[in-house]
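Chemist: sequence unknown, structure follows:
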């Protein structure tokens, strides 16, 4: 049985919401799954991702393969970086404390970057709302258009 970490679609038509799940690769997309790891909402800016890092790392170490989208999500949340650091610990390149220190530093920088992006998005949204609404000018009856 090969396990995949993938998205399971929920939500209504044109309003997607996903569960991040571990499932047998032969199971249907929205069918039976082994374990739920988190959620992903692509409609918010930036996308809202709730993920249990430890469970995801555990499944990656067991050999579960993520799909392309889930791989990007795991990378964004730092799970793949943490796996990389722990592999270095296993090879004896550095100790676990150093690995956790590197991950904590990366995580803090990443959270600050996401917060800046979110604030910029809110600022742009407020600026669009505050700008006076421009409506297209209508042509007078005698101007332009088809003469007939």
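Modeler: Ah, there it is. Just so we're clear, the structure is a prediction, and the values are computed from it rather than from any experiment.
Chemist: and this structure, what are its domains?
Modeler: Residue ranges for each domain of the chain read 1-76, 78-131, as given by automatic domain parsing.
Chemist: which of those is buried the deepest?
Modeler: When you average the neighbours per residue for each of those (mean count of other C-beta atoms under 10 Å), domain 1-76 leads with a mean of 15. No exception for glycine: its C-beta is placed from N, CA and C like everyone else's.
Chemist: In a markdown table, list the domains of the chain along with mean pLDDT.
Modeler: Listed next are these as a markdown table, based on pLDDT from 0 to 100:
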| stretch | mean pLDDT |
| --- | --- |
| domain 1-76 | 92 |
| domain 78-131 | 90 |
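Chemist: show me where the protein has helices.
Modeler: Assigned by DSSP state H, the chain shows helices spanning 53-62, 68-77, 79-90, 96-130.
Chemist: and of the ones you listed, who's closest to residue 42?
Modeler: Of all those, helix 68-77 sits nearest to residue 42, with 9.4 Å by C-beta to C-beta.
Chemist: For that closest one, name the packing helices and strands.
Modeler: Using 3 or more C-beta pairs under 8 Å, 6 or more residues apart in numbering; DSSP states H and E as the contact criterion, the elements in contact with helix 68-77 are strand 3-12, strand 48-51, helix 53-62, helix 79-90.
Chemist: and the gap between the closest residue to residue 27 other than its chain neighbours and residue 62?
Modeler: Here the nearest residue to residue 27 in space, its sequence neighbours aside, is residue 33; by C-beta to C-beta, 6 or more residues apart in numbering that works out to 6.9 Å. According to C-beta to C-beta, to the nearest Å, residue 33 stands 15 Å off from residue 62.
Chemist: now do residue 77
Modeler: As it turns out, when the distance is counted by C-beta to C-beta, residue 77 lies 18 Å from residue 62.
Chemist: next one: residue 9
Modeler: Taking C-beta to C-beta as the measure, residue 9 and residue 62 are separated by 24 Å.
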